[in-house]
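Peer 1: pasting a predicted model and its sequence here:
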Amino acid sequence: MSTPPQPRAAVAAIPAYVAGRPPVARDGRRVYKLSSNENPYPPLPGVVEAAERAARQMNRYPDMGNTALYAALAGRLGVDAGQLAAGTGSVAVLYHLLQAFCEPGDQVVHAWRSFEAYPIAITASGAEGVRVPLLADGRHDLDAMADAITERTRVVLVCTPNNPTGPSVTGTELRAFAERVPAHVLLVVDEAYREFVRADDPADPVALLAEHAHVAVMRTFAKAYGLAGFRVGYLVAHPEVAAAVRACSLPFGVSSVAQAAAAAALEAEPELLARVDALVAERDRVRGALLAQGWEVPDAQGNFVWLPLGADALGFTAAAEEAGISVRPFAGDGVRVSIGEPEANDLLLGVAERWKERSTP
Ligand SMILES: *Cc1c(COP(=O)(O)O)cnc(C)c1O
């Protein structure tokens, strides 16, 4: 075969996304997926019905302006609809944002290890990622991140709580950081797990928008709101920033089914947030039990815990699979385990306990 047309050089450098694996079927035993930080609860009835109603009109394009969804979000967040930009998941919103703000060779500063979609989206945009190592306890090193900003920096990403390690940035830390980030650099705060935070002095980046035109907030319906399969997330930012992101967005990107389900999920917020409370209680139970077993687990403010297993990450993952749970390994570094059904969390605690007993003489 002859050589086909060649893509941009950056394309060959895009790292592959490693998706959380489904659990391996075991005869007679239930297995659980704890590898993608999904919400283990099935959707609420009102949400399913809204999605079904929308599905009956699948011959029509969705509302390109996301009007009902923006109106519902604007009311809840106390912002103008013009400050919002929705996309097919907050990862898509990040792609559009980088396309809108980065020229080839511009720099994007972010913590590492952090969300694995960052290097993928940054490389795809043609920008250059600048990775700032986390502190030993899994927190962002915000001082080092501020120091890493150069005249080529266009965007700084803060992931709070940090996926996959778990700690969150405090309100005091974020405010001080926003003051250190120059006004021409966009400070993007990824709050995918915001609803699970129970730390003292939680960050409230949307409140920072009033004083800081360079702050932008990404949120998603994939985690607490239980709509991972429908792909919908959004940006809250200065109206000009949001307009730039909307300008780069796929026309009709968010499906009518996703828009309807997201609006219905907002209506069902009290029930959804009660489920989040139950997941938070399970998270704290799991982390407490792991600490009691002798594990060093960073503060967990999302719907997952991080086990710093180093070279044992893949071995532990295999042991978890044997026990009927799929977890998310990061080879050579650690394992992230989502909080699931209580019986699934108990399976994790069993694997973790046996692992400790085996490896502690
Ligand atoms: C899951 C997750 C998202 C959300 O991604 P979607 O595209 O909305 O599904 C964003 N940021 C982080 C850190 C996440 O873990």
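Peer 2: Sure, I can see it. Numbers count the residues shown, from 1 in each chain.

Peer 1: buried sites along stretch 184-193?
Peer 2: By 16 or more other Cβ atoms under 10 Å, the buried positions in stretch 184-193 come out as 185-193. For every residue, glycine as well, the C-beta is placed using N, CA and C.

Peer 1: which of these fall in strands?
Peer 2: 186-190 (DSSP state E).

Peer 1: among those residues, which are in reach of the ligand?
Peer 2: D190 (Cβ under 6 Å from any ligand atom).

Peer 1: any chance of the ones in strands among the buried residues of stretch 184-193 in TSV, plus pLDDT?
Peer 2: What follows is those, written out as TSV (pLDDT from 0 to 100):
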residue	pLDDT
L186	98
L187	98
V188	98
V189	98
D190	98
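
Peer 1: dump the ones in strands among the buried residues of stretch 184-193 into a markdown table; add distance to M64 as well.
Peer 2: Shown next, in a markdown table, are these (distance: Cβ to Cβ, whole Å):
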| residue | distance to M64 |
| --- | --- |
| L186 | 25 |
| L187 | 29 |
| V188 | 24 |
| V189 | 27 |
| D190 | 25 |
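
Peer 1: widest-spaced pair of the ones in strands among the buried residues of stretch 184-193?
Peer 2: Greatest spacing in these, by Cβ to Cβ: L186 and D190 (12.4 Å).

Peer 1: wait, what's in contact with the closest residue to T160 other than its chain neighbours?
Peer 2: Among residues not flanking T160 along the chain, V169 sits closest, at 4.2 Å (Cβ to Cβ, 6 or more residues apart in numbering). With contact set as Cβ atoms under 8 Å, 6 or more residues apart in numbering, V169 has these partners: 139-140, 142, 158, 160, 177, 203.

Peer 1: just the ones of those in strands?
Peer 2: Counting by DSSP E, these place V158 in strands.

Peer 1: out of the contacts of V169, who's nearest S359?
Peer 2: R139 (26.2 Å).

Peer 1: ok and the residue in this structure nearest the ligand?
Peer 2: Going by Cβ to the nearest ligand atom, the ligand is nearest to G89 of the chain, at 2.3 Å.

Peer 1: my read is that that residue contacts K223, right?
Peer 2: No. Using Cβ atoms under 8 Å, G89 is not in contact with K223, being 10.7 Å away.

Peer 1: between those two, who's got more neighbours?
Peer 2: Shown here are G89 and K223; by other Cβ atoms under 10 Å, K223 has more neighbours (28 against 25).

Peer 1: neighbours of A244, how many?
Peer 2: Neighbours around A244, by other Cβ under 10 Å: 19.

Peer 1: so how far is stretch 63-80 off the chain centroid?
Peer 2: Using Cα atoms, centre = their mean, to the nearest Å, the mean C-alpha position of stretch 63-80 is found 21 Å from that of the whole chain.

Peer 1: buried residues in it, which are they?
Peer 2: Neighbour count says stretch 63-80 has 66, 69-70, 72-74, 77, 79 buried, by 16+ other Cβ under 10 Å.

Peer 1: mean confidence for the longest helix seen in the chain?
Peer 2: Ranked by number of residues, the top helix in the chain under DSSP state H is helix 269-293. Helix 269-293 shows a mean pLDDT of 97.

Peer 1: over to stretch 206-221?
Peer 2: On average, stretch 206-221 scores 97.
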